[in-house]
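Q: sequence first, predicted model second:
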Amino acid sequence: MAIRRVRLTFEGVQITDPVIYLIGKDFEIITNIRRAEVHADVGWVVLELDGAEAEIDLALAWAAGKGVRVDPIAGDVIEG
Amino acid sequence: MAYASALHCRECGKEYPIAPIHVCEWCFGPLEITYDYDAIKGVISREKIKDGPLTMWRYADLLPVDDKNAVDIGTGMTPLLKADNLGRELGIDNLWIKNDAVNPTYSFKDRVVSIAATKALEFGFDTLACASTGNLAGSVAAHGAKANMRTLVFIPSDLERGKVVGAAIYGPTVVAVDGNYDDVNRLCSELADNNQNWAFVNINMRPYYSEGSKTLGYEVVEQLGWKAPDHAVVPIASGSLFTKIWKGMNEFASLGLIDDVRTKMHGAQADGCSPVAQAFADEQLHVKPVVPNTIAKSLAIGNPADAYYTLKIAQEAEGSTVGSTADPAIVEGIKLLAQTEGIFTETAGGVVISNLKQLAASGRFQKGESVVAFITGNGLKTIEAVEHEAKPVNIKATMSSFEELVTVPTKDKSKVGS
């Protein structure tokens, strides 16, 4: 089992999709929201995912496929 | 002696002991150093600073490490130069260039890495690591060599050869990762999580690392005669530099070393990676991440970690701005600085100068106001951005060939030496 902390960013119509609910329902993953902010056209959620490594990869790939941006909670760690 | 007493979460305020951690376990917010400012107030003075070494370590009382064991390759106290030629070109009568490109590895990153490496040794780490597309890689490699630490530098596999050499020469393990920027970013984040016996300078060392940028603010204030500038033009990548220059100047004010800070902070980005400028224009405090597409690669962070804090300062410090300029203007900025002040900067400096020009043209600077432009990296690091500018006249080794092919430009004698 693994725990991963990510930041999901939603834009436009994605805001109305129940992405986090579906991650918990369709994948063997426990989701735990720690911080979030949602506006009319953009929103972000910082959450912890608890599950098998491969299952987390699948869930995040699924979310990314729906157009949700997935980032590590530290943001971009590659610097110039 | 270090006066850092704890870490605290910038979001929820929860406190943690000094440790190699960077995220609040409660809300996953970023951690920041808590200082014992009352104790610092009792020991710090302008005189003490003036009597200190001619490096960034003269400000050791305000840094989160013990300077007795500093990993120091001679960083800091870089020149603050009056830029009258450039000022004349842009219509700014009190313009200064903070030339941080003359640090040991030719960028401001030496300031942050010096702190991170020193703290890493204090924590007992023997491995220093980073993920970088250039400046940070060279600086981590150099400090790792100086500290005799095992050093790992992760780079994208398509990084320009010159930048690879600029890090490899110091002897680190250089790992070139296949994949796009996001792939490399994700891998390095996971590596940091899975290798907690490594000091990843901008991940688990980040609260300490970022404090090094404060020294740029301290130096400018000291070099201006213990006065904060009226305007500061600062490049924005993660946003950390912008926030720490502001923090440094305000620490000096709260310790009574200078008057209140009324500096207007101007963030500079490239159009091809301008999430902070866009959010500022939209009057938002959160950015919409972007996929960078600009020649200013050292600023190409599409999802900046400190964007929120940058935007807060820009919105709260009256008269501040965050802007952006296009790649051709960035090249023009590099040329303009080189041809007026004799300073060759990398693309990030071109971003600063082109944004400075934009600010001047829009009437942001009043007569007599001091304006400091922060130049953070050397031009030899991004030769590819301006190599088309080198067009030598080829001649044979004869006088007749010279006379036939070379036109010696005229120069107004009255301006020579001015």
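A: Alright, I've got the coordinates. Numbering: from 1, shown residues only, chains lettered A, B, ... in the order given.
Q: which stretches of the chain have low pLDDT?
A: Here I'm looking at chain A. Along chain A, no part satisfies pLDDT under 70.
Q: the intended chain is chain B.
A: Using pLDDT under 70, chain B drops low at B:1.
Q: quick check: the residue of it nearest chain A.
A: Nearest to chain A, among the residues of chain B, is residue B:298, at 2.7 Å (Cβ to the nearest Cβ). Where C-beta positions appear, they are placed from N, C-alpha and C, glycine not excepted.
Q: and the gap between the spatially closest residue to that residue that is not a sequence neighbour and residue B:300?
A: For residue B:298, ignoring the flanking residues on the chain, the nearest one in space by Cβ to Cβ, 6 or more residues apart in numbering or on different chains is residue A:80 at 2.7 Å. Separation of residue A:80 from residue B:300 (Cβ to Cβ, to the nearest Å): 7 Å.
Q: which other helices and strands does the lengthiest helix in chain A contact?
A: In chain A, with assignment by DSSP state H, the single longest helix is helix A:53-65. Contacts defined by 3 or more Cβ pairs under 8 Å, 6 or more residues apart in numbering or on different chains; DSSP states H and E place helix A:53-65 against strand A:2-11, helix A:19-26, strand A:29-38, strand A:42-51, strand A:69-72.
Q: tell me how many other residues crowd residue 57.
A: With no chain named, the answer covers chain A. Neighbour count of residue A:57, defined by other Cβ atoms under 10 Å in any protein chain shown: 14.
Q: should've been chain B
A: The number of residues near residue B:57, taken as other Cβ under 10 Å, comes to 21.
Q: that one contacts residue B:72, correct?
A: Yes. With contacts counted by Cβ atoms under 8 Å, residue B:57 reaches residue B:72, the gap being 6.2 Å.
Q: re earlier: just say helix, strand or coil for the residue of chain B closest to chain A.
A: Here residue B:298 is helix, with the state taken from DSSP: H, G, I helix; E, B strand; the rest coil.
Q: which residue, other than its chain neighbours, is closest to residue A:76?
A: With Cβ to Cβ, 6+ apart as the measure, residue B:301 is the residue that lies nearest to residue A:76, at 4.6 Å, once sequence neighbours are left out.
Q: tell me who's in contact with that neighbour.
A: Residue B:301 makes contact with A:75-76, A:78-80, B:237-238, B:273, B:292 under the criterion Cβ atoms under 8 Å, 6 or more residues apart in numbering or on different chains.
Q: near chain A, which residues of the stretch 1-150 of chain B are found?
A: By Cβ under 8 Å from any Cβ of the partner chain, the residues of the stretch 1-150 of chain B that approach chain A are B:11, B:22-23, B:26-29, B:109, B:130-136.
Q: redo that, cut-off 10 Å
A: Residues of the stretch 1-150 of chain B lying close to chain A by Cβ under 10 Å from any Cβ of the partner chain are B:11-12, B:22-30, B:107, B:109, B:112, B:130-137, B:139-140.
Q: residue contacts, the nearest residue to residue A:78 once chain neighbours are set aside?
A: Spatial nearest neighbour of residue A:78, excluding adjacent residues (Cβ to Cβ, 6+ apart): residue B:131 at 4.5 Å. With contact set as Cβ atoms under 10 Å, 6 or more residues apart in numbering or on different chains, residue B:131 has these partners: A:76-79, B:137, B:140, B:152-156, B:175, B:177, B:184-185, B:187-189, B:191-192, B:200-203.
Q: next up, phi/psi of residue B:131, please.
A: Torsion angles at residue B:131 (phi, psi; degrees, to the nearest 10) stand at phi -120, psi 130.
Q: partners of it in the sheet?
A: Using DSSP bridges, the bridge partners assigned to residue B:131 are residue A:78, residue B:154.
Q: and residue 65, how many neighbours?
A: Here I'm looking at chain A. 8.
Q: wait, chain B was what I had in mind.
A: Neighbours of residue B:65 (other Cβ under 10 Å): 24.
Q: SS state for it?
A: Assigned by three-state DSSP, the conformation of residue B:65 is coil.
Q: now do the same end-to-end measure for stretch B:304-320.
A: Separation of the first and last residues of stretch B:304-320 by Cα to Cα, to the nearest Å is 19 Å.
Q: assign a three-state SS to the closest residue to residue B:81 other than its chain neighbours, would you?
A: Among residues not flanking residue B:81 along the chain, residue B:97 sits closest, at 4.9 Å (Cβ to Cβ, 6+ apart). At residue B:97 the chain is in strand, as set by three-state DSSP.
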